[in-house]
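J.: Any chance you could fold what I've pasted below:
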Amino acid sequence: MNTLSFDWATKKAFTYYDPQKDKVKELANRIDAFKEFVGSLKGKTICLFEAGGSDTLKLMLYREGHIVGTVPGKKAKDFRDEMGYEKSDERDPKTLYEYYEREKCKNCDEKSRGALPFPFLQFSEQDSKLAEIKIFFRSHEDLKSDMVAEKNKLIAFKLKHELINANGSIDKFIQYKNDSIEAKEKDVQLLKREMLKKLEDFPIWNDVLKDQKGVGPVIAAGLLAELGGREFKDEGSLKHYCGMIPKKESYQFNRYVKVILFHFTEQVVKQRVPVYREFYDEMKRYYSEKHPDWRPGKVNNFAKKAVSVKFLLDFWKLYSGKCNLMIEKSRNYMPSPEGKQCVGKCNCVPEKSNTIVPSQYINKGGV
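T.: Okay, the predicted model is just below:
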């Protein structure tokens, strides 16, 4: 069985290494190029990737019966540092293949996960469902962003030409733009309906998020799309990935998750979402008392950030199976990780208090 290893080189292309020919080749980041490449593969092939991204290509390979394996990027980086290799588009896919071969040799007499050695994980049907919903979600978000930008440009265009459009010479152009925006709005709604259909494959949506006030199909799909299938060593790394730590310096984070959490928190304030609205009010009191010199706007922003962090951690405990909570009822009853009942007295649910605020929700850095 042949093996290929892939690396995301640029926004426009992948590089992949073919050990049989000992060559690194480039693959354009386009659907038609993916189809042509997958169709050219002869026989069942093991395709190796670093975890995260490349969902469309992984899904195509999986659907055609190939074995898709992923490994955490940190594992590949540690191996590269250990071997003293430089990071480059030419070298990286080779490094991934060499790491795979070493782990395969180490695990040859041990029980492995499917056809791949640990820590490589084999792409499964559940992974394919997450990849599908991620494609729908990102298409929805990108299309919605384009639509909003087009609306704003049209408004600006109208204002600029009001004085010189005495005879209505650009009315047809404005109508054309309006029709284009309406078409995008219909496409956005269509993608939203498709996401809702895909969500029905996930018990976390059917059992919990579907009935959680403030969480609609877009927020639920976004959380599953961007966090599903990932692993985080602790709450700090999860918050870092989602952009929920103070900005002492510039760092990379998942902008999609940060926007999702922002929209959920806005719903909490407007719709008075149970539990979370109470927590928001509690955090406002906390920051007002601790920082009497702060303006109301700053207090409000920090309280909202705390709500975003709480919802993120609640979701992650639920999704990762560490705590089978029902979010809206979490202050009253939640099975603990050991399966015992707990009523706000264990690590699963912080005890409600107007003076003691759980530290994991508070922004660090002297605040």
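J.: Figure out how far the host helix or strand of residue 182 is from the centre of its chain.
T.: Assigned by DSSP states H and E, residue 182 belongs to helix 171-199. Remark: helix 171-199 is offset 24 Å from the chain centroid, using Cα atoms, centre = their mean, to the nearest Å.
J.: List the buried residues in that helix.
T.: 177, 181, 184, 187-188, 191-192, 194-196, 198-199 (16 or more other Cβ atoms under 10 Å). (C-beta placed from N, C-alpha, C; glycine too.)
J.: Can you name the element that comes right after that helix?
T.: helix 203-207.
J.: Mind giving me the packing neighbours of that next one?
T.: helix 217-227 (3 or more Cβ pairs under 8 Å, 6 or more residues apart in numbering; DSSP states H and E).
J.: and the helix it packs on, average pLDDT?
T.: What helix 217-227 shows for mean pLDDT is 94.
J.: Going by neighbour count, list what's buried in whichever helix or strand comes after it.
T.: Toward the C-terminus, helix 217-227 is succeeded by helix 235-241 as the next helix or strand (DSSP H and E). Within helix 235-241, the residues scored as buried using 16+ other Cβ under 10 Å are 238-241.
J.: helix, strand or coil for residue 103?
T.: Here residue 103 is recorded as helix under DSSP: H, G, I helix; E, B strand; the rest coil.
J.: That one is in contact with residue 117, isn't it?
T.: Yes. Assessed by Cβ atoms under 8 Å, residue 103 is found in contact with residue 117 at 4.2 Å.
J.: middle-most residue in the chain, spatially?
T.: For the chain, the residue nearest the mean C-alpha position is residue 226 (1.5 Å; Cα atoms, centre = their mean).
J.: Quick check, that one in contact with residue 259.
T.: No. Counting by Cβ under 8 Å, residue 226 does not reach residue 259; the two are 10.1 Å apart.
J.: in the protein, which spans are helices?
T.: For the chain, the helices defined by DSSP state H cover 31-40, 55-63, 73-83, 92-106, 125-161, 171-199, 203-207, 217-227, 235-241, 255-271, 276-290, 296-320.
J.: between the fifth one and helix 55-63, how big is the angle?
T.: Put plainly, it is helix 125-161. 150 degrees (axes from the mean of the first three to the mean of the last three Cα atoms, to 10 degrees).
J.: Equivalent analysis for the last one, please.
T.: Interaxial angle of helix 296-320 relative to helix 55-63 (the same axes, to 10 degrees): 10 degrees.
J.: residues of helix 296-320 that come out buried?
T.: Buried, per 16+ other Cβ under 10 Å, within helix 296-320: 299-300, 302-319.
J.: could I get the buried residues of helix 171-199 as JSON lines with pLDDT?
T.: Below are the buried residues of helix 171-199 laid out as JSON lines (pLDDT from 0 to 100):
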{"residue": "177", "pLDDT": "90"}
{"residue": "181", "pLDDT": "93"}
{"residue": "184", "pLDDT": "94"}
{"residue": "187", "pLDDT": "95"}
{"residue": "188", "pLDDT": "94"}
{"residue": "191", "pLDDT": "94"}
{"residue": "192", "pLDDT": "94"}
{"residue": "194", "pLDDT": "93"}
{"residue": "195", "pLDDT": "94"}
{"residue": "196", "pLDDT": "94"}
{"residue": "198", "pLDDT": "93"}
{"residue": "199", "pLDDT": "94"}
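J.: So what touches stretch 260-270?
T.: Here stretch 260-270 makes contact (Cβ atoms under 8 Å, 6 or more residues apart in numbering) with 213-215, 218-219, 222-223, 226, 242, 244, 273, 276-277, 280, 304, 307-308, 311-312.
J.: Mean confidence (pLDDT) on it, please.
T.: 94.
J.: tell me how far it is from the chain's mean position?
T.: Worked out by Cα atoms, centre = their mean, stretch 260-270 lies 17 Å from the chain centre.
J.: for stretch 267-279, same thing?
T.: 23 Å.
J.: and the gap between the closest residue to residue 300 other than its chain neighbours and residue 294?
T.: Leaving aside its sequence neighbours, residue 300 sits nearest to residue 284 (Cβ to Cβ, 6 or more residues apart in numbering; 6.8 Å). Distance, residue 284 to residue 294, using Cβ to Cβ, to the nearest Å: 11 Å.
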